[in-house]
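>>> Sequence first, predicted coordinates after that:
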Protein chains: 2
Amino acid sequence: MPHPLIDHIRRMVELAPEEEAEILSFFEPVTARKKYILARAGETSPDLYFVAEGCIRLFHLSERGAEQTIQFAIEGWWLTDFSAFPTQQCSEFTIQALEKSELLAISAARHELLLARFPQLERYFRLIYQRAYGASQVRLKYQHDLSREEMYRRFASSYPQFTQRIPQYLLASFLGFTPEYLSELRKKRS
Amino acid sequence: MPHPLIDHIRRMVELAPEEEAEILSFFEPVTARKKYILARAGETSPDLYFVAEGCIRLFHLSERGAEQTIQFAIEGWWLTDFSAFPTQQCSEFTIQALEKSELLAISAARHELLLARFPQLERYFRLIYQRAYGASQVRLKYQHDLSREEMYRRFASSYPQFTQRIPQYLLASFLGFTPEYLSELRKKRS
């Protein structure tokens, strides 16, 4: 059975069977236990992560010392600090596993080598980033437009797989709520 | 003198001189007068726009009927609704010229043809979207982390060319302020 990354790439670009193993050889497989810190803000230039299994998040410490989650990634998603990654600067964000996770990690330098060897992956990543950027525009619209309750309902119906797996206090921080407010919303619905 | 788009592409990928005219032939040059609506929310699948000269914005109407600006684009920037564009759905956003602008427009179908003819442009757009997506992560961090005053200062120092050209009431809406509050901040600084 091909690796989940190969499946994911094949949905967008063609690969010859003999290219699979070589593509995977550019990545480092990482098994991260729950709560494991993959990259810490201010300490390191982050790798780019593909989630084969599990769930990871990108967060930063607010000036009040609270952990503010910016993004979650589950199976088939990519995650890093996309400003720090290509320039190999220190990240402003911390990346952490929320569940035991099976990941593929790649450094910026090896990512460039991968793309030089397999130029058809430029198209794959162009499509991934185009979609992610589009989603960020919609997220900005919702932030402006929806009440907190509507935002939660929209998120829960768009991403039920996240709502079920992610601890309530993290989901609340991601949506800009207090955990108490999210708990009220959930009770209201049930 | 080569077109600003050709200059922009050459900063990231190599082009042969004879490719320039053919690349440009995929685009439709558009001269938009100030306030001209290039694509209206709910009416049309938007083109992708490159700004050669001028300034355009992406906005939506909030439920209270206010125009909420999500993004500005000046010389060398790309703008569209990146969720609606590739799927050729109706846009949730309106795109409008803020100054008399010289643009290059391309439909999603022609964009695919362009990339099939010049696969090296996959890399160019991958790099554009990667950077844009990284900037959207930083924007989310600032929204959580900075006071309104700090957000304005950060925006003004990172993008002085925007702060000078964009009408104050639009900048205020983009930053989530009232025009009165922005005016106070500007007075405080001077």
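The structure has been received and is ready for your questions.
>>> Phi and psi next, for A:His60.
A:His60 has phi and psi values of phi -140, psi 160 when expressed as degrees, to the nearest 10.
>>> For the closest residue in space to it that isn't next to it in sequence, which residues are in contact?
Computed as C-beta to C-beta, 6 or more residues apart in numbering or on different chains, the closest residue to A:His60 that is not its neighbour in sequence is A:Phe93, at 5.1 Å. For the C-beta atoms, the positions are set from N, CA and C on the backbone; glycine is no exception. By C-beta atoms under 8 Å, 6 or more residues apart in numbering or on different chains, A:Phe93 lies in contact with A:39, A:41, A:46, A:58-60, A:70, A:81, A:84, B:137, B:141.
>>> same question, A:Glu149
Going by C-beta under 8 Å, 6+ apart, the list of residues near A:Glu149 reads A:Leu185.
>>> May I ask which helix or strand of chain A has the lowest mean pLDDT?
Least confident helix or strand, chain A: helix A:179-189 with a mean of 81, by mean pLDDT, DSSP states H and E.
>>> Break down chain A into its strands, ranges please.
In chain A, the strands defined using DSSP state E lie at A:28-32, A:37-39, A:48-53, A:56-61, A:67-73, A:78-79, A:94-97, A:101-106.
>>> Put together TSV for those, with mean neighbour count and mean pLDDT on each row.
What follows is the strands of chain A, written out as TSV (neighbours: other C-beta atoms under 10 Å in any protein chain shown; pLDDT from 0 to 100):
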stretch	mean neighbour count	mean pLDDT
strand A:28-32	15	98
strand A:37-39	18	96
strand A:48-53	21	98
strand A:56-61	22	95
strand A:67-73	20	93
strand A:78-79	21	98
strand A:94-97	23	97
strand A:101-106	20	98
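>>> out of these, nearest to B:Arg110?
Proximity to B:Arg110 (C-beta to C-beta) singles out strand A:78-79 among the strands of chain A, at 27.7 Å.
>>> still on that earlier bit, just the contacts of A:Phe93 now: which is nearest A:Glu18?
A:Pro46 (30.9 Å).
>>> That closest one contacts A:Phe82, doesn't it?
No - taking contacts as C-beta atoms under 8 Å, A:Pro46 lies outside contact range of A:Phe82: 9.4 Å.
>>> So is the longest helix seen in chain A next to chain B?
The residue-count maximum for a helix in chain A (DSSP state H) belongs to helix A:120-145. Yes - Helix A:120-145 is in contact with chain B by C-beta under 8 Å from any C-beta of the partner chain, via A:120, A:122-123, A:125-127, A:129-141, A:143-145.
>>> Okay, buried residues for stretch A:106-121 please.
Neighbour-count burial for stretch A:106-121, counted by 16 or more other C-beta atoms under 10 Å in any protein chain shown, picks out A:106-108, A:110-111, A:114-115, A:118, A:121.
>>> Show me the contact partners of it.
So stretch A:106-121 is contacted by A:9, A:13-15, A:19, A:22-23, A:26-28, A:45, A:47-48, A:50, A:85-88, A:122, A:125, B:119-120, B:122-123 (C-beta under 8 Å, 6+ apart).
>>> go again using 10 Å as the cut-off
Applying C-beta atoms under 10 Å, 6 or more residues apart in numbering or on different chains, the external contacts of stretch A:106-121 come out as A:9, A:12-15, A:19, A:22-23, A:25-28, A:45-50, A:78, A:80, A:84-89, A:122, A:124-125, A:128, B:119-120, B:122-123, B:126.
>>> Likewise for stretch A:176-190?
A:68, A:143, A:148-149, A:151-153, A:156, A:163, A:167-175, B:143-144.
>>> Show me just the buried residues among the residues you listed.
Buried, going by 16+ other C-beta under 10 Å: A:68, A:143, A:151-152, A:156, A:169-175, B:143-144, out of the contacts of stretch A:176-190.
>>> so A:Arg11 makes contact with A:Gly76?
Yes - using C-beta atoms under 10 Å, A:Arg11 is in contact with A:Gly76, at 9.2 Å.
>>> quick one, which of the two is more surrounded?
A:Gly76 (13 against 9; other C-beta atoms under 10 Å in any protein chain shown).
>>> I figured the more buried one was touching A:Gly54, is that so?
No - applying C-beta under 10 Å as the test, A:Gly76 and A:Gly54 come out as separate, 11.4 Å apart.
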